[in-house]
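Asks: need a structure here:
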Amino acid sequence: MLWLSLILGLILAPAALAAGIEVAPGQGSLARAIAGASLGDVLTLGDGVHAGPVTIDRPLTITGSRDAIVDGQGQGTVITIEAPDVTLRGFSVTGSGMQNQDLDAGVKIRKGADRAQVLELALSDNMHGIDVHGGRDAQVIGNQITGTQHQHMNERGNGVYVWNSPGTVVERNIIRHGRDGIFSNTSADSFYRNNLFRDLRFAVHFMYTRNTEVSGNISIGNHLGFAIMFSDRPVIRGNLSLGDREHGVMLNYANSGDVAGNLVRGGTGKCLFIYNAHKNLIYDNRFQDCGIGIHFTAGSERNVLTGNAFLSNREQVKYVGTRHMEWSLEGRGNYWSDHPAFDLNGDGIADGTYRPNDLMDHILWSQPAAALLTGSPAVQLIRWSQSNFPATLPGGVRDSAPLMQPLAIPVPDDIRAMEAAVAGRWDKGNFDDFDAENLTTH
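Replies: Got it, this is the predicted structure:
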C-alpha cells in the first residue's frame, strides 16, 4: 500500500500543483503570465485585447471567452506553440503578419509541440489560420476560421495548413475565405472530418500525403471541392461537394484510394476528374448536374467503379484513351440517367450494356472544330453504324451491368439553403486568378 501511495502521488503531483491564473488584458500581460507559469497551469484570459505575438514554451492551458482577443498586431505568428501538451480553448486570435513565405499564422504548432489541442477558437484576419508545422498528434477541433479576401486567391493563406505532422485530427471546424480550407502537405496518418468549407479555392487539398482520411466534410461554392494529389491510400468518404466550380473530387496521381458515399452536385465543371490515378476503388457515390460526370484520362489504370449514380450531367463520361474499360464489379455496375434501360427479370440490373462514348466523341475531343459537322449525314451514318455494329466501336468505357435505380444521399435542410445561396455564382465569371486545369498552380 505504501508503494501504491507513492506511485499515485508521483502521477497526481503535477495536477495537484497546477494553478489557475487570471490574466488581465493589456500590453505584455499574457507574455508575462506565460513566463511566470508552472507546468500544467491554466491561464484564463479576461475579456479585452491581449497583445501578442507570444510563444508558449511549456505545457499550459490557455482559455477564455470569444471576447478575450489575442492580437498579434501584424507581426509574424500570433501564438507559437513550442512545447508538448498545450491546450488553447475558446478565445479569439487575430492580427498575424501577412508574409506568406514566412507562414505567418494565427496559431503555429512547431516540431516537438506534440499533442497540442486548439479548440473552439475564433480566428480572423490572419494570413494562415492554424499552421500545424511538425507537431505530432495535434487536435484542431471546433474552431471558426475566417481567412483574408485578397483579390488574388493564390496570395491568400490557408485555413489549416498541415506539414509533416502525423496523427493530426482536424474536425468540426467552419472555414471560410482565404485560399484552401485544409492544405495537407507531406503528412500522413491524419483525419479531416465533419468540417464546413465555403468561399475558398480548394476545400481540401492534399500533396504528398499517405494513409489519410477525409470524411463527412461539406464543401459549398468553392472553386474545387476535394483535390487529392500525389498521395497514397487516401480515404475520401461521405463528403458533400455542392456548387463547386471546377471539380467536386479530383484524383491526380492518387493511388490505392477508397472513394465512397460522396455527393457531388451542381457547379459548372466536372463532378469527378481522374488524372493518372491508379488502383482506386470508387463506389456508391452520386455525381449529379455537372458539365461532365467523370473525366478519365492520362493512362489511369486498375480503378474500379461500381454502385455509383451519374445523373443529369451534360456529358456523363469523357474518357480520353483507346483501351477497353469495364466499369462494373462482380455483376454490379453504375446507374446512368441517360441509359434507356429495361429489366425483364426484375433483378435491378439493366439487360443492355451501357457505352457512353463513340468514335465521334473521340474525334470531337481531339478536334473541337469538327463540332460544326455534328448534324451532317456523314456523322449520323457513323453513329448509326456503331450502334448497329458494335464491333466498329473504338476502345472505351463499357458498363456491362448498369443499375436500374440510383442511390440517394440526403442533404440537411440548412446545407440545402447554403447551396441555394451560391446557385449561379459561376455564371458571373468571377474566377480570380485560379486555373484548375493548370496543375502547376496548385
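Asks: what count of nearby residues applies to the closest residue to residue 193 other than its chain neighbours?
Replies: In space, and not counting its chain neighbours, residue 193 is closest to residue 171: 4.7 Å by CB to CB, 6 or more residues apart in numbering. Just so you know, the C-beta spots here come from the backbone N, C-alpha and C atoms, and that holds for glycine as well. Residues lying near residue 171 (other CB atoms under 10 Å) number 17.
Asks: ok, what's across the strand from residue 171?
Replies: residue 141, residue 193 (DSSP bridges).
Asks: what separation do you get for it and residue 196?
Replies: 11 Å (CB to CB, to the nearest Å).
Asks: so what's the residue nearest to residue 320 when sequence neighbours are not counted bridging to?
Replies: Nearest non-adjacent residue to residue 320, counting by CB to CB, 6+ apart: residue 297, 4.1 Å away. Applying DSSP bridges to residue 297 gives these bridge partners: residue 275.
Asks: before we move on, what about residue 43?
Replies: residue 21, residue 62.
Asks: so it touches residue 60, yeah?
Replies: Yes: counting by CB atoms under 8 Å, residue 60 is a contact partner of residue 43 at 6.2 Å.
Asks: give me the below-cutoff pLDDT ranges for the stretch 301-442 of the chain.
Replies: Filtered on pLDDT under 70, the stretch 301-442 of the chain yields the residue ranges 357-395, 429-442.
Asks: what about stretch 144-153, how long is it end to end?
Replies: 20 Å (CA to CA, to the nearest Å).
Asks: list the buried residues for that stretch?
Replies: 144, 145, 146, 147, 148, 150, 153 (16 or more other CB atoms under 10 Å).
Asks: what secondary structure does residue 34 sit in?
Replies: helix (DSSP: H, G, I helix; E, B strand; the rest coil).
Asks: and it, how many neighbours?
Replies: Residue 34, neighbours per other CB under 10 Å, totals 20.
Asks: heads up, I number from 2, so please use that
Replies: With the count now opening at 2, the last piece we talked about shows up as residue 35.
Asks: that one is in contact with residue 55, isn't it?
Replies: Yes: assessed by CB under 8 Å, residue 35 is found in contact with residue 55 at 6.1 Å.
Asks: tell me who's in contact with the residue nearest to residue 194.
Replies: Residue 172 is in contact with 140, 141, 142, 143, 192, 193, 194, 195, 196, counting by CB atoms under 8 Å, 6 or more residues apart in numbering.
Asks: ok, residue 150 next?
Replies: 157, 178.
Asks: also residue 301?
Replies: 275, 276, 277, 278, 279.
Asks: per-residue confidence for the residue nearest to residue 321?
Replies: The score at residue 298 is 84. That number is its pLDDT.
Asks: any idea how far it is from residue 273?
Replies: 12 Å.
Asks: compare the two (neighbour count), which wins?
Replies: residue 273 (28 against 15).
Asks: helices and strands around the one helix or strand that one maps to, which ones?
Replies: Assigned by DSSP states H and E, residue 273 belongs to strand 271-276. Secondary structure elements in contact with strand 271-276, counted by 3 or more CB pairs under 8 Å, 6 or more residues apart in numbering; DSSP states H and E, are strand 248-256, strand 264-266, strand 287-289, strand 293-298.
Asks: what's the angle from it to strand 248-256?
Replies: 20 degrees (axes from the mean of the first three to the mean of the last three CA atoms, to 10 degrees).
Asks: what pairs with the helix or strand following strand 271-276, parallel or antiparallel?
Replies: Counting by DSSP H and E, the next helix or strand C-terminal to strand 271-276 is strand 282-284. Here strand 282-284 has these sheet partners by DSSP bridges: strand 259-261 (parallel), strand 305-307 (parallel).
Asks: flag the shaky bits of the stretch 2-151 of the chain, pLDDT-wise.
Replies: 2-18.
Asks: tell me where it has helices.
Replies: According to DSSP state H, counting those that start in this stretch, the stretch 2-151 of the chain carries its helices in the segments 3-18, 30-37.
Asks: got it, and the stretch 302-443 of the chain?
Replies: Going by DSSP H, counting those that start in this stretch, the stretch 302-443 of the chain shows helices at 360-367, 378-389, 414-422.
Asks: give me the neighbour count for the nearest residue to residue 52 once chain neighbours are set aside.
Replies: Once flanking residues are discounted, residue 52 sits nearest to residue 28: 4.6 Å by CB to CB, 6+ apart. Residues near residue 28, counting by other CB under 10 Å, number 10.
Asks: with residue 192 instead?
Replies: 16.
Asks: quick check, pLDDT for it.
Replies: 97.
Asks: so what's it up against?
Replies: 169, 170, 171, 172, 213, 214, 216.
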